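>>> Return atomic coordinates for the entry below.
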Amino acid sequence: MEPDDRSDEPENTTDPHRGYGDRGYGDRGYDAEDLLAALGDAAEDRAGETEPPACRLVEISLTVNGDEILQDVKLDIPAHACTVIMGPSGSGKSTLLKTAAGLLVPDTGYVEILGTNPNHATDRELERLRARNGFVFQDDALWQNLSLLQNLTLPVRYHRHDLASDSVTERINGLVGELGAPRRLELRPANVSAGERKIISFVRAIVGDPELLFLDEPTTSVDGEHADLMIRKLRELKERNVTLVAVTHNARIASQLADYVVVLKAGRILRFGSLHEISRSNEPEVGRILTDVLSETATYDGDILELLDPETNTYLT
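From the prediction side, this is the model:
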């Protein structure tokens, strides 16, 4: 599926996350539909130029234990842009992300990643492909029998033979300091918090300078301060033309980073287009899904509400 170029009439539609004290959206008189419309305004000018996609999914179907998780998925993920996958729980978001990354093999159809079909690639082609992308897993997926440092160094040394050991160590130390990861890297994953493990997983995914970065709920279990640092880093990566593909309920990622949105329901793509187009969709089902997904937290982030404040227009400038 290519980005939807239909220009729907503006209609109010949503977006929330991280609480910020007593300033719930109800206190300001805004509802979820107002917020979706505001996010669309913020992203109107961010969509990237047309060029070959970073990932192409062609007629993908995938069944697990007799349940059809993905059904006839056709999707071109734009390069050098941020695409966010949204949908209700159980809609197949993580499965779609892992399939797009080549981590799951579909029953039918095929995937191309950076122009390569991983299922038809030689070992050398596959190694080169893996060196060009990173993946942040929802459950962090760290090796429990290795130290944090070993978790960080092993993948990059396996896939990036061109990087000297000193260079890898220097880069790890820089990212650990920048993102507030645990300083005691000799510890094993079981000895640090879930949020710290998630930060280490994030560092592991970006330490090799990927061209393409997949993220499955990257800020889950991470406190607000460290989530801010992660989002800041993602913004920096995007400015360097790294392609981002994320499953997230974090409204700040949607408002600050998303160029395109995939709306998924029951394993099928309901709609795909720019954030501006999706936020102004006149399709009730699309608006209902986004409202439900983005309203899973009780309050909206203060900087999201600023989008609605004509005095600031923080992300409209």
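>>> What segments of this protein are helices?
Applying DSSP state H to the chain gives helices spanning 25-28, 32-43, 93-100, 123-131, 148-159, 165-179, 194-206, 224-239, 251-257, 275-279, 284-294, 302-305.
>>> Of these, flag the one that's most buried.
Comparing these by mean neighbour count (mean count of other C-beta atoms under 10 Å), helix 275-279 ranks first with a mean of 27. Where you see a C-beta, it was placed from the backbone N, CA and C, and this is true even at glycine.
>>> Keeping just the C-alphas, turn that helix into CSV.
Output of helix 275-279 as CSV, limited to C-alpha atoms (Å, rounded to 0.1, in the frame of the first residue of the first chain):
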residue,chain,number,x,y,z
LEU,A,275,0.0,11.9,9.7
HIS,A,276,-1.8,15.0,8.3
GLU,A,277,-4.0,12.8,6.1
ILE,A,278,-4.7,10.2,8.7
SER,A,279,-5.5,12.7,11.4
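>>> centre of the chain versus stretch 51-64, how much separation?
Distance of stretch 51-64 from the chain centroid (C-alpha atoms, centre = their mean, to the nearest Å) equals 16 Å.
>>> Give the buried residues for it.
53, 54, 55, 56, 57, 60, 62 (16 or more other C-beta atoms under 10 Å).
>>> Can you get me a residue count around residue 241?
Using other C-beta atoms under 10 Å, residue 241 has 11 other residues around it.
>>> just checking, it touches residue 81?
No. Using C-beta atoms under 8 Å, residue 241 is not in contact with residue 81, being 9.0 Å away.
>>> which residues are in contact with both of these two?
In terms of C-beta atoms under 8 Å, 6 or more residues apart in numbering, residue 241 and residue 81 are not both contacted by any residue.
>>> related to what we said a few turns ago, compare the helices of the chain and give me the one nearest residue 188.
helix 148-159 (7.2 Å; C-beta to C-beta).
>>> That closest one: how far from the chain's middle?
Worked out by C-alpha atoms, centre = their mean, helix 148-159 lies 22 Å from the chain centre.
>>> Stretch 68-76 now?
Per C-alpha atoms, centre = their mean, the centroid offset for stretch 68-76 relative to its chain is 18 Å.
>>> Mind listing what's buried along it?
Of the residues in stretch 68-76, 69, 70, 71, 73, 75, 76 count as buried by neighbour count, 16+ other C-beta under 10 Å.
>>> Make JSON lines out of the residues you listed and add distance to residue 249 and pLDDT.
Putting the buried residues of stretch 68-76 into JSON lines (distance: C-beta to C-beta, whole Å; pLDDT from 0 to 100) gives the following:
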{"residue": "69", "distance to residue 249": "19", "pLDDT": "96"}
{"residue": "70", "distance to residue 249": "20", "pLDDT": "96"}
{"residue": "71", "distance to residue 249": "23", "pLDDT": "95"}
{"residue": "73", "distance to residue 249": "21", "pLDDT": "97"}
{"residue": "75", "distance to residue 249": "20", "pLDDT": "97"}
{"residue": "76", "distance to residue 249": "24", "pLDDT": "97"}
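>>> what sits against the residue nearest to residue 130 when sequence neighbours are not counted?
Nearest non-adjacent residue to residue 130, counting by C-beta to C-beta, 6 or more residues apart in numbering: residue 159, 5.1 Å away. Residue 159 makes contact with 127, 130, 131, 208, according to C-beta under 8 Å, 6+ apart.
>>> For residue 159, give its distance to residue 256.
Residue 159 is 29 Å from residue 256, where distance means C-beta to C-beta, to the nearest Å.
>>> again, but for residue 120
Residue 120 is 37 Å from residue 256, by C-beta to C-beta.
>>> now swap in residue 81 and tell me
Residue 81 sits 13 Å away from residue 256, going by C-beta to C-beta.
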